[in-house]
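Colleague: Quick one, fold the following:
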Amino acid sequence: MGLLYDSVAAGMWAYTNAAFDVQVLGERRFVLERGTLILSTHRRESDVPVICPPLYYGAAMWRNRGRTMSFAARDDMFLPGFFAGFPPGLSPRARRVLNPVSVGRFLPRVRVHPISSASVARASEVVRALPESSLTEVLPGEAVAALAARAAERQLPSPVHGRDVLSGDYVDVLWTAVTRDDVPALDDFWARRAARAAGDFRRLVEIVREGGILVVFPEGRPSPDGEIGPLRRGLSALVRRSQPSSVFPVGIAYDPLVRGRMRVLVAVGPRLDVPAGDVEKELLALLKRQTPLSVGQYVAHELLAGREPTDSGLREAGEEAMGEERPLDPDLRDADRRLVRLAEARVAAEERPHELPFLAREYASARE
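Modeller: Numbering: from 1, shown residues only. Modelled structure (predicted):
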């Protein structure tokens, strides 16, 4: 366990530092108490490898074996075909090759635990559970039509039963989410899923109550538009039942308006007491305040508001962030570096205008 855990942490460090310009803000060395709940904003699918090295090395987990992290993760990571069905933009050949690959059985070995929903599942889970059933009986009409269209597109026999679509040709279509309202007749399936969701939740509670350190992304998924929040239902129950000793916030901001590798700001800590009032409201406010100010956020916000970004405006945004005790890009503290970064971001905004809405919304959401 120790060697595997250490190897994964080292691999994440190597990947993120090759792919991104990572800037760690806040505490570089810290102690994570037993029973700590680490809460992180969720911006992109790369968030886990981005935050793990600062936490692992900051808390010296290779030495403090009794205080390593466990992770609450989306349950579809544990499903067969995750690497084939989930990522967008893969070629048909790549999906067929990756479809047999499954890492679900290995994830618990590095302390990754699923969070399941009682009322939402992937279409693939339904057809795997009921392979002999007619597709029209177990999937909503839109999904059945999409499967038929895929068969026609690839000149395959028209699928009739669940077993007919358990191949890489359909894996991305089957990654569609279905709800209990979409297929209400499957009482046994949804009852089993509800039981599993309850068991997953109990396991997360036990980890913290037994003194473990648990990492949770309370938003549940990467933000689709830059908004910070909302938080998933159940966070209050997790805090109430697990009774963590403290919370340890992590804020992430990606800045693609740069020259070279994308800049990533990771704000770590400090340790805080568990909120005593409205847990979800207070923790959402905490995560917003923990979101770092980036040059790209300011530039996008100004451009979409119809204003030209200026050095004085960027300086004022940095001073405001410092007044709010909000983390910020360290280049904003240096006048010369600030001018250089502003010029770079202005050029990059012309080249990558599709990045602006997300960044502008992130800037505004952090201040709401």
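Colleague: Give me the pLDDT for the nearest residue to G212 once chain neighbours are set aside.
Modeller: If the residues on either side of it in the chain are set aside, G212 comes closest to S70, at 5.4 Å by CB to CB, 6 or more residues apart in numbering. C-beta here means a position set from N, CA and C on the backbone, and glycine is covered the same way. S70 is assigned 92 on the pLDDT scale.
Colleague: Tell me if L37 really is in a strand.
Modeller: Yes - assessed with DSSP: H, G, I helix; E, B strand; the rest coil, L37 lies in a strand.
Colleague: Strands along this structure, start to end?
Modeller: Along the chain, counting by DSSP state E, strands occupy 20-26, 36-40, 69-74, 112-115, 120-122, 177-179, 213-216, 246-255, 262-268.
Colleague: JSON lines for the ones you listed, including distance to Y56 and mean neighbour count?
Modeller: Putting the strands of the chain into JSON lines (distance: least, CB to CB, whole Å; neighbours: other CB atoms under 10 Å) gives the following:
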{"stretch": "strand 20-26", "distance to Y56": "12", "mean neighbour count": "18"}
{"stretch": "strand 36-40", "distance to Y56": "11", "mean neighbour count": "25"}
{"stretch": "strand 69-74", "distance to Y56": "7", "mean neighbour count": "20"}
{"stretch": "strand 112-115", "distance to Y56": "14", "mean neighbour count": "20"}
{"stretch": "strand 120-122", "distance to Y56": "30", "mean neighbour count": "20"}
{"stretch": "strand 177-179", "distance to Y56": "32", "mean neighbour count": "16"}
{"stretch": "strand 213-216", "distance to Y56": "11", "mean neighbour count": "24"}
{"stretch": "strand 246-255", "distance to Y56": "12", "mean neighbour count": "23"}
{"stretch": "strand 262-268", "distance to Y56": "11", "mean neighbour count": "23"}
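Colleague: would you turn those strands into a markdown table with distance to A129?
Modeller: Formatted as a markdown table, the strands of the chain follow (distance: least, CB to CB, whole Å):
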| stretch | distance to A129 |
| --- | --- |
| strand 20-26 | 39 |
| strand 36-40 | 32 |
| strand 69-74 | 19 |
| strand 112-115 | 16 |
| strand 120-122 | 9 |
| strand 177-179 | 12 |
| strand 213-216 | 28 |
| strand 246-255 | 36 |
| strand 262-268 | 39 |
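Colleague: Which one of those lies nearest to V347?
Modeller: Of all those, it is strand 246-255 that lies closest to V347, at 13.7 Å by CB to CB.
Colleague: chain center to that closest one: distance?
Modeller: A distance of 12 Å separates the centroid of the chain from that of strand 246-255, by CA atoms, centre = their mean, to the nearest Å.
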